[in-house]
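Student: my questions are about this predicted structure, shown below with the sequence.
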Amino acid sequence: MPMKKHPAVLTARERRRLKGYVRQFSGKRVLVVGDLMLDEFIRGAVHRISPEAPVPVVQVRAESYVPGGAGNVARNLAALGAGVVVVGVVGEDAAAERLRSDFAGHGIDVAGLLSDSGRVTSQKCRIIAEHQQVVRFDRETTGPLSGASERELLRRIPAAVDRAHAVVLSDYGKGVVTPAVVKAVLSRAKGRRLPVTVDPKPENFNLYRGVTCLTPNVHEAWAGMRRHPEPGRGALDALGRSILSGLGCASLIITRGPEGMSLFKRGGAGVIHIPTEAREVYDVTGAGDTVISVLTLGLASGASIEAAAVVANCAAGIVVGKLGTATVSSEELIKALAQ
């Protein structure tokens, strides 16, 4: 299977077509099923080393909270003008209340959000000094869902799928994306011919059989197939083909950081390499969430997987130029596609 390289320079006609898809994003409704998190950012400056230990003393100047994980996917979709419904599980704690408040403020439907007193809402706190992350600490429950919580999720999924134009499974390995949940989503979505995209967890690759598109980064792709990374395009080519054949998914996008992304399509003539659009990289936090959000909206808007991937790659180039867990707007994306 030869490696094809997508043209770095799009024609004016191609750019108009891609911008046309972006303009349709606001009319689409997307269901996000997955592991919701709250990202906390504590920012400050460092002027000295602690006398108690060889660590920097961060003088705190600002503190902020934004949804992470599946929550960041939901925020990305909402920022692009889509109607968003989230289905997931949170604890009964302050982090859950912050998530609900943020979602409500951005018009995200939380009717499918389930509270479980036996769980802790996943929260990741990053300490950032002079644009450099110093340390991160996490609070979360990573064990399996209780039987009652899983049954309630399964009860809510059919109606949520029926209201959507596409579904995203955002799997961070915190217990929400179970075999039964995946089966329920795929069965209902298949009946309505809806695209289902997956931001995968390597340990769970076998759950995603038959999805529309899988979007691992290169490290997740190797780990998901239980193989040691190998250098070179030929190895990447073989890896992508093995994932496609092994999981029976319609397409696969392996994101490769500064090297862009590689698109594999079942029955396709080759691999399409799409070079990165990033001009400056400040923070890659949440870039994968942006990719799957834009990709899914592109598919929901009628774009081919190739066209949707190009738009998603452009969006990733924008978001990595921002600090923290960030989103991109349709206006930013249209402007970037015009250049």
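Tutor: Structure received.
Student: export the helix or strand encompassing residue 237 to PDB, keeping only CA atoms.
Tutor: Assessed by DSSP states H and E, residue 237 sits inside helix 233-247. Output of helix 233-247 as PDB, limited to C-alpha atoms (Å, rounded to 0.1, in the frame of the first residue of the first chain):
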ATOM      1  CA  ARG A 233       6.900   5.000   7.200                       C
ATOM      2  CA  GLY A 234       6.700   1.400   6.200                       C
ATOM      3  CA  ALA A 235       6.200   0.300   9.800                       C
ATOM      4  CA  LEU A 236       3.500   2.900  10.200                       C
ATOM      5  CA  ASP A 237       1.800   1.700   7.000                       C
ATOM      6  CA  ALA A 238       1.700  -1.800   8.300                       C
ATOM      7  CA  LEU A 239       0.500  -0.800  11.700                       C
ATOM      8  CA  GLY A 240      -2.400   1.200  10.200                       C
ATOM      9  CA  ARG A 241      -3.400  -1.700   7.900                       C
ATOM     10  CA  SER A 242      -3.400  -4.200  10.800                       C
ATOM     11  CA  ILE A 243      -5.600  -1.900  12.900                       C
ATOM     12  CA  LEU A 244      -8.100  -1.500  10.000                       C
ATOM     13  CA  SER A 245      -8.300  -5.200   9.300                       C
ATOM     14  CA  GLY A 246      -8.200  -6.300  13.000                       C
ATOM     15  CA  LEU A 247     -11.000  -3.900  14.100                       C
END
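Student: show me what the next helix or strand after that helix is packed against.
Tutor: Downstream of helix 233-247, the first helix or strand assigned by DSSP H and E is strand 251-255. Where contact means 3 or more Cβ pairs under 8 Å, 6 or more residues apart in numbering; DSSP states H and E, strand 251-255 is packed against strand 213-214, helix 218-224, helix 233-247, strand 261-265, helix 287-300, helix 305-319. No exception for glycine: its C-beta is placed from N, CA and C like everyone else's.
Student: what's strand 251-255 in contact with?
Tutor: Strand 251-255 is contacted by residues 212-218, 221, 236, 239-240, 243-244, 261-266, 287-288, 291, 295, 305, 309, 312, 316 when judged by Cβ atoms under 8 Å, 6 or more residues apart in numbering.
Student: just the buried residues of those residues.
Tutor: Among those, those buried by neighbour count (16 or more other Cβ atoms under 10 Å) are 212-218, 221, 236, 239-240, 243-244, 261-265, 287-288, 291, 295, 305, 309, 312, 316.
Student: redo the helices and strands packed on strand 251-255 as a markdown table? Include mean pLDDT.
Tutor: Supplementary listing: those in a markdown table, determined by pLDDT from 0 to 100:
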| stretch | mean pLDDT |
| --- | --- |
| strand 213-214 | 96 |
| helix 218-224 | 93 |
| helix 233-247 | 90 |
| strand 261-265 | 91 |
| helix 287-300 | 92 |
| helix 305-319 | 88 |
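Student: flag the shaky bits of the chain, pLDDT-wise.
Tutor: For the chain, applying pLDDT under 70 flags the ranges 1-10, 268-269, 277-286, 321-326, 339.
Student: for the stretch 1-150 of the chain, what spans make up the strands?
Tutor: For the stretch 1-150 of the chain, applying DSSP state E, counting those that start in this stretch gives strands covering 3-5, 29-34, 36-49, 56-69, 83-90, 109-115, 122-129, 132-139.
Student: show residues contacting the second one.
Tutor: Yep, that's strand 29-34 we're talking about. The contact list for strand 29-34, computed with Cβ under 8 Å, 6+ apart, reads 69-70, 73-74, 77, 82-88, 112, 157, 160-161, 163-172, 176-177, 181, 185, 199, 293, 296-297, 300.
Student: again, but for the fifth one
Tutor: Contact with strand 83-90 is made by 28-36, 70-71, 74, 77-78, 96, 99-100, 103, 107-116, 119, 121, 145, 149, 153, 156-157, 160, 163-164, 175-176, as judged by Cβ under 8 Å, 6+ apart.
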